[in-house]
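In: Output the structure for:
(2 chains)
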2 protein chains.
Amino acid sequence: MRISAVWDFLSSPCSEMLELVQITILDEDFHVTPVSEEEHELNNRVPSRPTPELKFELDDEGDTLSNHNSITALLSSKFRDIQKRLKQYGIESPRFRKRLVSKWESLNYDVCENVLYIKEQEKYKSKKWVTLRWLSKWLVMFSIGIMTALLAATIHFVVEKLAHLKFDLIKHYFDDCAKNNCLYQPALMWMGINLVITVAGAALVTFLQPMAAGSGIPYIKSYLNGVKIPGLLTFRAFVAKTLGVVMSILGGLACGKEGPMAHSGSIIAAGLGRGRINFCNGKSISFYSAFRNDHEIRDFMAGGAASGVSSAFGAPIGGTLFSLEEAASFWNQDLTWRVFFSSMVACFATNFLISAINGDPTKLTDPGLVRFNAFKFDLKFDLIEIPVFIFMAVIGGLSGALFVVMNYKLTVFRKRYLNKNWIKIIEAGLVAMVSAAVAFGLMVGINDCTDKAPFDSHAVTAAVYCTDKKHNSLSTLFLTTPEGCLKALLHDPFESHGPVSLVAFVLIFFLLGVWTYGLSVSSGVFIPSLAIGAAWGRLVGIGVAHLMPENPNLGVNSSLIKQLDVGKFALIGAACQLGGILRTTISLTVIIVECTDDISFGLPIMIVLMISKWVGDFITTGLYDMNVEVMGIPTLPFECPPLCDDLRASDVMSHPLATFKTKEKVENIYRMLKEETFCGFPVIEDDPMAPGKGKLKGLILRNQLLVLLKKKIFCPEGQVPPRNITIKDFRDFYPVYLKVSEIDLSDEEKSYVMDLKPYYNPSPYTVEQKFSLPRVFNLFRGLGLRHLIVTDEKNMPMGMVTRKDLAKFRVGSKRGLVKIEQLKIEDK
Amino acid sequence: MRISAVWDFLSSPCSEMLELVQITILDEDFHVTPVSEEEHELNNRVPSRPTPELKFELDDEGDTLSNHNSITALLSSKFRDIQKRLKQYGIESPRFRKRLVSKWESLNYDVCENVLYIKEQEKYKSKKWVTLRWLSKWLVMFSIGIMTALLAATIHFVVEKLAHLKFDLIKHYFDDCAKNNCLYQPALMWMGINLVITVAGAALVTFLQPMAAGSGIPYIKSYLNGVKIPGLLTFRAFVAKTLGVVMSILGGLACGKEGPMAHSGSIIAAGLGRGRINFCNGKSISFYSAFRNDHEIRDFMAGGAASGVSSAFGAPIGGTLFSLEEAASFWNQDLTWRVFFSSMVACFATNFLISAINGDPTKLTDPGLVRFNAFKFDLKFDLIEIPVFIFMAVIGGLSGALFVVMNYKLTVFRKRYLNKNWIKIIEAGLVAMVSAAVAFGLMVGINDCTDKAPFDSHAVTAAVYCTDKKHNSLSTLFLTTPEGCLKALLHDPFESHGPVSLVAFVLIFFLLGVWTYGLSVSSGVFIPSLAIGAAWGRLVGIGVAHLMPENPNLGVNSSLIKQLDVGKFALIGAACQLGGILRTTISLTVIIVECTDDISFGLPIMIVLMISKWVGDFITTGLYDMNVEVMGIPTLPFECPPLCDDLRASDVMSHPLATFKTKEKVENIYRMLKEETFCGFPVIEDDPMAPGKGKLKGLILRNQLLVLLKKKIFCPEGQVPPRNITIKDFRDFYPVYLKVSEIDLSDEEKSYVMDLKPYYNPSPYTVEQKFSLPRVFNLFRGLGLRHLIVTDEKNMPMGMVTRKDLAKFRVGSKRGLVKIEQLKIEDK
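Out: I've put the predicted structure just below:
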């Protein structure tokens, strides 16, 4: 009844002009409030409405099903009509977060057990092969770790050297010009350097591989969830990502290199897994092909992402959990252990390399690129500090949600108005210049002088207007990379930064962070988030220190206590802010704990991350999820949305189906591939009595058919079909498959017949039409399926359930209450 | 061909007398070496052999299937015949590790979506209910954490106080009697105290709930894997476990309380989840029933096990990973986060309580029962130490494997000869007495005197024959709980323990550890393993210190360096030994890292755990896995064993099936339940034309049928069946279900008819007979199924795949090569 009410609501003529973009199927108590009396009447007419395409043979439990059966299916086709019409009028859906984009396809984890596969398996059926395969998986994981570490150390070295050069140069002009009244010179120089480098970085990303923009983590999350992201794991993306991130940081943007490291690690993993490098000019070098399928590549990629995080933060456990948190539905113990291994190797090798760069390779004191591990005093906390931490977590959750909301508005604005390549590059340049200008303005305007030596003895400090060997306190924050800024905020002495500087810094860095994230440059959001949080955490620390200036029970120097306290509060603030923005939980806790190199702060960090997540979730989703939603990627949650128990497989499936017979005319295949966008086609028994109504025999994929057409595996009817094709021929096209347009067939060839029997998957997973949505969902999610065929009682295919059919039911929470919405599926 | 060769081998008359207990199906190159020429000939006869019960309708791919189709199925029935015969002759299988015991059943995670369930769901179909349910899950997790912490703190307090009393008493007699030459007094007293307490503890466990014996972790692993373990989560088990572990430790056994804490935490979780306590007298208090199903209870139990580990070691991340490592196939992000929450609460509350017991509740310095966190100097390692650590890891792996092998032999011996309750109790008492006697002998015999104050200022030190304010160095190891002993080994100064004492300690404690594990007492193996490893690690440290006595570059006091080194080597040794015995990987690494409270040692710990696991796995399985194997519990691995791709669902399924019609005679149901041991029965269409050959309609469970019979939901044929039953009636019997013997039916009632339609699950998961084993396995494992019905092309049920049918194919590695074996399924 409920859904049919929605259906009426939609089918009534006037409703098309109303709220069309979002259908919240169910209201507070799960009954749609009727919109008008007129529509109320319509309710009664619905059951008699014929549903031409669908004929369900309901059995005698039918009475419990009939009132909503097939309604949803019709609903979605109705939707498409409305959309088309809207498009004709030039009205596009304005709500980016309430749709799925149809171009995103599922990865294919299922093994196609056709005759070719079985034949190949026979060949490798010995213990030696099994053992060898097992060993080579470990070897690949080892290589992933080593190469990720090499990359991390190189980036670290290059960025540190060049950034130091740049800021040293600016500092000298600063100090000289403060006396000679020519401060416009360093300002212009700063802005100029930023502009040139950032524009170069933005151009690289925009023209070489736009998928390399941003941190890449939302894409990696989606990939691990089972969505194919074209271009994500290519050599181009690798170049754009790694060079791009170096340029972004040197270009003075408020961004970090940690997210990009996870992406780069994934690309390395995918490349090593495939055993092939595709170059930009279309050429490629191929080494081996044993792991060329989505399942193995995903496993390696989990290791790559973990290694990236592990190198970046020196957090092998956190890195492993990072992969785990996203990919848990396909997890197993062996894989976890392998991922942990590569993550450990990456951490260890990074440690070795950076220690070697610093002159002592055997000391192993720098396990990652960012470490907060220099707390000079033991971090200890007292129970009475917990309320302060909780208060900070609430602030973190709120400001994190604000960050996400602002960035969301900006993202939508960008998608709509700033979608030309040259505009994107100009925007990046603008942000870089503004970053420099604002930093310059703050340093000169606030002119907060301090004589406290900064924590890092190599830090660039500019005096500007300060005298008496004092220096401008903001210069230690701005004349450095964002990582250096973060470290300064965590470890600089108590008096280094005054409240005014800190307030200004928080505001400016917050806005710059919002503006920077989502630019067409390679940039991570971890470090700026942490820096914002550390700055306001420091403010809270100063406040607390003023309220309770000294603890008379501890016979320690008061400035010592103050310094300790401020660092502690900065750390908690950083965790709160990051938690409020990202909302990842267990992995983030472990990463921060590993970064601080001290487990005793684990508990307060867990508590604040949990609370900041709750507070943030009350208002909006996390930043990465927001990204995924805006791009319309159909990620599947871990469990079926609640309250969907009474939907059946037949309600959610796509239909009518395009099917093939076991022996099909080439012309039909070619036409179908051209006309339909489906990626999988059920193969049915060729029943001459009831054409198109045969029993299900198997499932064949678009990619397989394209390869078969390309290799011309067909013959005139009645002849023996050619079999000159092996499983390697299919694998060679992985992962960049053929397009229909690349197939060239003569008219004679079109009249030939193709025998699909040796190629289709003879036992695809199927469900009966009565299966409830939660069970369909579990099956789909638990096995990582791409296609699930819905059959009737006689084993005839009725429809197909794919990822988007399930992902369109999205559960959210709004002000603490659960909310279910049905997303549209759009072409763009 | 291969499998049919095995089949011949088995079916040949003489082979029955040969190696029957283990069938390694395939040899090095996966062809069974023919045993004799005679059998070679038999090979050719097989295909013509009629297979009476199985009639597969093979399609035209049949040629690829026919040579092994149904062979395995027949194989297993053949097996049963052989077993029965062997039993008649009184010959029982001697190989405990090559069998599965049929009494272990699967847990049932699938929702039975019958009409009753749908009706109930309707009632709860509002956002408020969903939100409330969500909240109460969090609340239960919170309570689990708090209660586990309360328990942990109580046990800790009681054990510490009483143990101190006991050892103080013995020490006084020791010191007095050394002068007066009456040392037999403390010896006898020590042995007497141990005997009395241990016998009481053993009796408690043996008579109250034998499931409470040992650490409980193998059972918990199995439960999380999806096996039902009757008695594991009862109130009796809780009492036996908690009181028992206190007595075991006070009784002087070489055991810890950490494994039992995980078990106790699980019981608390299960109790809170069920919302009911069953007392020993059959009475129970019931609070709520919303979570009374296997799925929810498993989720809570994961939280309980994590909380237990977290309280024990102060390791919230390690605890979460511990649950994760075992239960990963049913894992999801939300659950991980909830488990982490309860784990965190447990750690926090334990910290608070123990700090409160120690006098300062707000300081939060004792996050767990065992902490290694008192390393006075920074633990730092140098790259050149890694080879030493690797050497230690190899020792750990080897000695761990030795531990497992010896304990396995002992376990088998116990199962065969020490299976009377009173013998078990006597054995426990004997071990306790020997432990005291040996400790006494060593202390007096070696008489190693030292004047170094022990690390723990509260440690009991006896002088015995030592003078000049020196004390017997072994007294700090033996006159304390095993945990105190471990701490002393990790932290005592360099000179405290001489090499002779340490060698003697390692040997004795190793043997005692082997003997103790598996006694009918509540006891964990973590602490003794760590203590053994710490002792020989200390020996290695002393050796290294002698080879490289001082580092001239460091201007530090040499004894300081020595002390530092020895603690470090003791820690690594402990990790190696534990890794070699248990072989859990990622969780153990994190637990040890969290215990040391210092992340910088993470990398070497990971490396040594990995290597000790590899070395150990080369020889035998881990201790817990060995336990599971000996008990014949059918746990499923994470992935399908390799090389099984050519087995089909029809090869592994159990058949013939016992089926019911949708309207079935009560007599038939009653008889079937009595005669068959199946737990699930397919319900088929009542086809009068072909009786017993109908299409599959659903699946009904034994438990459901028993409840229906008990509630007398049947009527004479033709009448309207009674419907006075709700889903709550079924739930009330969870998890202790009815037995057939409790059903009482009159002859008239037996002639009645039961309408099963409202009760069976209308859409059970099914596969077609041609499905390959890996796909069946993935389906079964991915969804956590209990029954999977195998159907033919016409949707008629042909057989059933259950956990045991899949678990019987076990993959192992022997000397680095993969090995597949097929286990027998036995009744006992």
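
In: okay, CA-based contacts and neighbour counts for the rest of this
Out: Noted.

In: just the strands in the stretch 251-400 of chain A please.
Out: A:276-278, A:284-286 (DSSP state E, counting those that start in this stretch).

In: Comparing these, which yields the minimum mean pLDDT?
Out: Of all the strands of the stretch 251-400 of chain A, the minimum mean pLDDT falls on strand A:276-278 (a mean of 71).

In: Residue B:231: which of the strands of the stretch 251-400 of chain A is closest?
Out: Nearest to residue B:231, of all those, is strand A:276-278, at 54.8 Å by Cα to Cα.

In: can you give me phi and psi for residue A:182?
Out: Phi and psi for residue A:182, reported as degrees, to the nearest 10, are phi -130, psi 40.

In: Quick check: which of the strands of the stretch 251-400 of chain A is buried the most?
Out: Mean neighbours per residue, mean count of other Cα atoms under 10 Å in any protein chain shown, is largest over these for strand A:276-278, with a mean of 15.

In: Any residues of the stretch 51-200 of chain A in contact with chain B? List them.
Out: Residues of the stretch 51-200 of chain A lying close to chain B (Cα under 8 Å from any Cα of the partner chain) are A:118, A:121, A:125, A:126, A:127, A:128, A:130, A:131.

In: change it to 7 Å
Out: The stretch 51-200 of chain A comes close to chain B at residues A:125, A:126, A:127, A:131, as judged by Cα under 7 Å from any Cα of the partner chain.

In: The last one: how many residues sit nearby?
Out: The tally of other residues near residue A:131 (other Cα atoms under 10 Å in any protein chain shown) stands at 16.

In: next one: residue A:315
Out: The burial count for residue A:315: 34, using other Cα under 10 Å.

In: who's in contact with it?
Out: By Cα atoms under 7 Å, 6 or more residues apart in numbering or on different chains, the contact set of residue A:315 is A:309, A:347, A:591, A:594, A:595.

In: could you give the angle of whichever strand or helix holds residue A:776 to helix B:773-783?
Out: Under DSSP states H and E, the secondary-structure element containing residue A:776 is helix A:773-783. Going by axes from the mean of the first three to the mean of the last three Cα atoms, to 10 degrees, helix A:773-783 is angled at 120 degrees with respect to helix B:773-783.

In: which residues sit against helix A:773-783?
Out: With Cα under 7 Å, 6+ apart, helix A:773-783 has contacts from A:329, A:640, A:644, A:645, A:647, A:648, A:649, A:806, B:778, B:779, B:782, B:783.

In: if you skip the residues just before and after it, what's nearest to the spatially most central residue of chain A?
Out: The centre of chain A sits closest to residue A:218, judged by Cα atoms, centre = their mean, with a distance of 1.4 Å. Spatial nearest neighbour of residue A:218, excluding adjacent residues (Cα to Cα, 6 or more residues apart in numbering or on different chains): residue A:624 at 5.1 Å.

In: number of nearby residues for that neighbour?
Out: 21.

In: ok, now how distant is residue A:747 from residue A:216?
Out: According to Cα to Cα, to the nearest Å, residue A:747 stands 46 Å off from residue A:216.

In: Compare neighbour counts for those two and give me the winner.
Out: residue A:216 (23 against 9).

In: My guess is that one contacts residue A:265. True?
Out: No: judged on Cα atoms under 7 Å, residue A:216 makes no contact with residue A:265 at a distance of 10.9 Å.

In: in which helix or strand would I find residue A:231?
Out: Using DSSP H and E, no helix or strand contains residue A:231.

In: mind checking the backbone torsions on it?
Out: The phi/psi pair for residue A:231 (degrees, to the nearest 10) reads phi 90, psi -10.

In: Which residues does stretch A:730-741 contact?
Out: For stretch A:730-741, contacts defined as Cα under 7 Å, 6+ apart pick out A:292, A:673, A:674, A:703, A:704, A:706, A:707.

In: swap that for stretch A:580-594, please
Out: Residues outside stretch A:580-594 that contact it (Cα under 7 Å, 6+ apart): A:313, A:315, A:317-318, A:321-322, A:325, A:396-401, A:403-404, A:599, A:601-602, A:605-606, A:609-610, A:612-613, A:616, A:622-624, B:337, B:599.

In: Now stretch A:123-130: average pLDDT?
Out: 76.

In: same thing with stretch A:144-157?
Out: On average, stretch A:144-157 scores 94.

In: again with stretch A:722-737
Out: In the prediction, stretch A:722-737 has an average pLDDT of 77.

In: Which positions in it come out as buried?
Out: Neighbour counts over stretch A:722-737 (16 or more other Cα atoms under 10 Å in any protein chain shown) mark A:730, A:731, A:734 as buried.

In: same thing with stretch A:738-749?
Out: A:738, A:740, A:749.

In: So for that stretch, first residue to last residue, what's the gap.
Out: Across stretch A:738-749, the terminal residues are separated by 19 Å (Cα to Cα).

In: how much distance is there from it to the middle of the chain?
Out: 36 Å (Cα atoms, centre = their mean, to the nearest Å).

In: Make a markdown table from the buried residues of stretch A:722-737 and add secondary structure to it.
Out: Shown next, in a markdown table, are the buried residues of stretch A:722-737 (DSSP: H, G, I helix; E, B strand; the rest coil):
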| residue | secondary structure |
| --- | --- |
| A:730 | helix |
| A:731 | helix |
| A:734 | coil |
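
In: before we move on, back to that, hmm, the residue nearest to the centre of chain A is touching residue A:623, no?
Out: No: counting by Cα under 7 Å, residue A:218 sits too far from residue A:623 to count as a contact (8.7 Å).

In: Do a quick rundown of the strands in the stretch 101-250 of chain A.
Out: With DSSP E, counting those that start in this stretch as the criterion, the stretch 101-250 of chain A has strands at A:105-106, A:227-228.

In: I'd like the distance between whatever residue of the stretch 51-200 of chain A ends up closest to chain B and residue A:431.
Out: Residue of the stretch 51-200 of chain A nearest chain B, by Cα to the nearest Cα: residue A:126 (5.2 Å). From residue A:126 across to residue A:431, the span is 60 Å (Cα to Cα).

In: how many neighbours does the closest residue in space to residue A:758 that isn't next to it in sequence have?
Out: Nearest non-adjacent residue to residue A:758, counting by Cα to Cα, 6+ apart: residue A:115, 5.4 Å away. Other residues near residue A:115 number 18, with proximity taken as other Cα under 10 Å.

In: so what pLDDT did residue A:115 get?
Out: At residue A:115, pLDDT is 83.

In: helices and strands of chain A: which one bottoms out on pLDDT?
Out: helix A:62-65 (a mean of 32; mean pLDDT, DSSP states H and E).

In: Residue A:142 contacts residue A:344, correct?
Out: No: in terms of Cα under 7 Å, residue A:142 does not count as a neighbour of residue A:344; the distance is 9.2 Å.

In: Comparing these two, which residue is more hemmed in?
Out: Taking other Cα under 10 Å, residue A:142 and residue A:344 do not tie; residue A:344 has more neighbours (30 against 20).

In: What is the neighbour count of the closest residue to that one other than its chain neighbours?
Out: Of all residues not flanking residue A:344 in the chain, residue A:316 sits nearest, at 5.2 Å (Cα to Cα, 6+ apart). Per other Cα under 10 Å, the neighbour tally for residue A:316 reads 34.

In: Quick one: residues contacting residue A:575.
Out: Contacts for residue A:575 (Cα under 7 Å, 6+ apart) come out as A:530, A:605, A:609.

In: again, but for residue A:472
Out: Contact analysis of residue A:472 by Cα under 7 Å, 6+ apart lists A:443, A:447, A:448, A:449, A:450, A:462, A:463, A:464, A:466.

In: which one of the residues you listed is nearest chain B?
Out: Proximity of the contacts of residue A:472 to chain B (Cα to the nearest Cα) peaks at residue A:450, which lies at 33.0 Å.

In: Cool, thanks, signing off.
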